[in-house]
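Colleague: quick one, what's the 3D model for this:
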Amino acid sequence: MIAQPTKKNFSMLLSFSNVALAVTALAMLVSVLISYPYADAFSLPQQIAAHISTIVIAAFLKVSYVLRCLAQYNLGLEVR
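Modeller: Presented below is the predicted three-dimensional model:
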């Protein structure tokens, strides 16, 4: 049986997406710092991993933002 969406579910989704948004934003900042301004301090394989992770983290950042908007919309909050 499929569970029906409730305010509690969307409230938990909002909490999860806020945490995910903060974590992915921090990870994006770290990967960009490793990729560009502090590249001299890291080896080439680490720089390559940072460049690739920038793309992957951006996707997770966007998904967490969309989940946050979905939760806010269903809770009747202002979506921003």
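Colleague: low-scoring stretches of the protein, by residue?
Modeller: Along the chain, segments meeting pLDDT under 70 span 1.
Colleague: using PDB, write out every CA atom in stretch 14-21.
Modeller: In PDB, the C-alpha atoms belonging to stretch 14-21 read as follows (Å, rounded to 0.1, in the frame of the first residue of the first chain):
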ATOM      1  CA  LEU A  14      11.600  20.200   4.300                       C
ATOM      2  CA  SER A  15      14.000  19.400   7.200                       C
ATOM      3  CA  PHE A  16      15.900  16.900   5.100                       C
ATOM      4  CA  SER A  17      16.100  19.100   2.100                       C
ATOM      5  CA  ASN A  18      17.400  22.100   4.100                       C
ATOM      6  CA  VAL A  19      20.200  19.900   5.600                       C
ATOM      7  CA  ALA A  20      21.000  18.500   2.100                       C
ATOM      8  CA  LEU A  21      21.000  22.000   0.700                       C
END
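Colleague: run the chain-centre distance for that stretch.
Modeller: Its chain's C-alpha centre and that of stretch 14-21 lie 8 Å apart, by CA atoms, centre = their mean, to the nearest Å.
Colleague: ok, the residue nearest the centre of the chain - contacts?
Modeller: Residue closest to the average C-alpha location in the chain (CA atoms, centre = their mean): L61, at 2.9 Å. Taking CB atoms under 8 Å, 6 or more residues apart in numbering as the contact definition, L61 lies against 21, 24-25, 28. (Each C-beta comes from the backbone N, C-alpha and C, glycine too.)
Colleague: got those as TSV, with distance to H51 columns?
Modeller: Converted to TSV, the contacts of L61 look like this (distance: CB to CB, whole Å):
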residue	distance to H51
L21	22
T24	17
A25	18
M28	12
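Colleague: drop anything exposed from those.
Modeller: 21, 24, 28 (16 or more other CB atoms under 10 Å).
Colleague: just those residues now: which is nearest M12?
Modeller: Nearest to M12 out of these is L21 (CB to CB; 14.8 Å).
Colleague: nearest spatial neighbour of that closest one, skipping sequence neighbours?
Modeller: Take L21 and drop its neighbours on the chain: the residue closest to it by CB to CB, 6 or more residues apart in numbering is S64, 4.5 Å away.
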